[in-house]
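S.K.: coords please:
(one chain, ligands or ions: 1)
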Amino acid sequence: MSPVCQMSCATIAVSGGNRRYILKVRLYNTQRCPYARRTRIVLYEKGVDFEVREVDLSNKSEEFLGVSPTGKVPVIVVDGDSLYESNIVNQYLDEITGEPGLMSADPKARAQARIWMSSADENFFPAVFVASVGRELGFPEERISDSFEKLEMVLSFLEARLEGRELEERGEVSLDRYPNVAAWMERIEARESFGAAT
Ligand SMILES: N[C@@H](CCC(=O)N[C@@H](CS)C(=O)NCC(=O)O)C(=O)O
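M.R.: Got it, this is the predicted structure:
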């Protein structure tokens, strides 16, 4: 765990109008969960100190079930209120912390970012899961080949979206044909917050 996660300083200073708030943030986390990792990246990216409670998803504690209506991680508890769904939590954290924002000031660019978040959840993550461990889990070949098709579809979409903007090869999907995606992944992976959240 990063040295910034000190139990004693789990707070965010938030400015709103003339007021300044201090919020206490506790993250219910599972280290290997990609959704929780998203939230950890945002917490580090925005410099928020937070307290971590590691959750054993195979043996959910009463405490965790008390704060997580869906029984899933990540959940953050802010001043006694539970917030969950990683994309929503991340946008909340972005909104209450200072500039620079992770989301654009331009509404259309924000809409495009949300389209990608939705597509990542609905198409990309499930396809990555089936493509990477589907054989190990004994999934039918048809489902596995469908997931590779879906991966190529999402990567083509992302490649076009990243054109003109500022993974290495992974498994059976080569990013050679997706240079914008490969360059974007390199930029993300080089960020301190990404390393801290790993
Ligand atoms: N849509 C949710 C997905 C969260 C999710 O599926 N988390 C998994 C771990 S990676 C979980 O907690 N699973 C426990 C369960 O389903 O019982 C989000 O983005 O936060």
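
S.K.: list the contacts for Thr39?
M.R.: Listed by CB atoms under 8 Å, 6 or more residues apart in numbering, the contact set of Thr39 reads Leu27, Asn29, Pro74, Ile76, Ser86, Val89, Asn90, Leu93. The way it works is simple: take the backbone N, C-alpha and C, and place the C-beta from them, glycine included.

S.K.: hey, what's the second one bridged with?
M.R.: Translated: Asn29. Taking DSSP bridges as the rule, Asn29 bridges to Glu54.

S.K.: now do the same contact list for it.
M.R.: Taking CB under 8 Å, 6+ apart, we find Asn29 in contact with Ala36, Thr39, Arg40, Val52, Arg53, Glu54, Val55, Val73, Pro74.

S.K.: out of those residues, which is nearest to Ala127?
M.R.: Ranked by distance to Ala127 (CB to CB), the contacts of Asn29 are led by Ala36 at 19.9 Å.

S.K.: next, count neighbours for the closest one.
M.R.: Number of residues near Ala36 (other CB atoms under 10 Å) recorded here: 24.

S.K.: so is the strand or helix carrying it next to the ligand?
M.R.: Using DSSP states H and E, Ala36 maps to helix 34-45. Yes - interface with the ligand: helix 34-45 contributes Tyr35 (CB under 6 Å from any ligand atom).

S.K.: and that helix, what's its mean pLDDT?
M.R.: Across helix 34-45, pLDDT averages out at 94.

S.K.: same question, stretch 123-132
M.R.: Stretch 123-132 comes out with an average pLDDT of 90.

S.K.: off-centre distance for that stretch?
M.R.: Here stretch 123-132 shows a centroid-to-chain-centroid distance of 15 Å under the convention CA atoms, centre = their mean, to the nearest Å.

S.K.: what's the answer for stretch 189-198, then?
M.R.: Here stretch 189-198 shows a centroid-to-chain-centroid distance of 12 Å under the convention CA atoms, centre = their mean.

S.K.: first-to-last residue distance for that stretch?
M.R.: Distance between the boundary residues of stretch 189-198 (CA to CA, to the nearest Å) amounts to 10 Å.
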